[in-house]
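**Q** what shape does this take:
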Amino acid sequence: MIKIKNIQDTDAAACYDVFYHAVHEGAQPAYSAPQRHAWAPFKEMPLGFAHALQAPCALMAVTDQIVGFITVLQDGYLDLLFVAPDHHRQGVATVLYESVLLQTKGPLYTEASHLSRPFFLHHGWREITPQRVEKRGVGMTNFVMELSR
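**A** Numbers count the residues shown, from 1 in each chain. Next comes the predicted model:
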């Protein structure tokens, strides 16, 4: 059973672990090793990561451990949505997403990865444009998307 809880400061390291493994293992089919390393270069949580979790809407999915998390900023930007690779395709992202919809109002927008793009399209989001971004000198593509509501 998945429980949704607000992220606390003490959850940052466990959320980072989910993020790191989601990028390095879960994103392997869509991103090269150099791209994944540029996206998440540090095995240990960098100092700035905990700050990213202090969004107005910051939720985590918990079973016996944290298996996913999502953050939405004040302006409706869905910044982070990551699920532990061993919990992919088990409804974790959907439960997190539905919880965000209950806790936020107005339109949402994001920059979706190749892997999350189908999830957002399935949930009624509209793709605005693909864009080329650079992280630590390595190029990759993501997709600007929005949800009007």
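**Q** looking at this, residue 114 is in a helix?
**A** No. In this structure, residue 114 is coil, not part of a helix, as judged by DSSP: H, G, I helix; E, B strand; the rest coil.
**Q** grab the nearest non-local neighbour of it.
**A** Leaving out its chain neighbours, the residue that sits closest to residue 114 by C-beta to C-beta, 6 or more residues apart in numbering is residue 30, at 3.9 Å. (C-beta placed from N, C-alpha, C; glycine too.)
**Q** the longest helix seen in the chain: how far from the chain's middle?
**A** Longest helix of the chain, by residue count under DSSP state H: helix 92-103. Remark: helix 92-103 is offset 12 Å from the chain centroid, using C-alpha atoms, centre = their mean, to the nearest Å.
**Q** buried ones in it?
**A** For helix 92-103, burial by neighbour count (16 or more other C-beta atoms under 10 Å) applies to 92, 93, 95, 96, 97, 99, 100.
**Q** as CSV, these with distance to residue 122 and pLDDT would be great.
**A** Listed next are these as CSV, based on distance: C-beta to C-beta, whole Å; pLDDT from 0 to 100:
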residue, distance to residue 122, pLDDT
92, 15, 97
93, 10, 97
95, 14, 98
96, 14, 98
97, 10, 98
99, 17, 97
100, 15, 97
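**Q** of all those residues, which comes closest to residue 72?
**A** residue 100 (5.6 Å; C-beta to C-beta).
**Q** got a list of what that closest one touches?
**A** 57, 59, 70, 72, 78, 108 (C-beta atoms under 8 Å, 6 or more residues apart in numbering).
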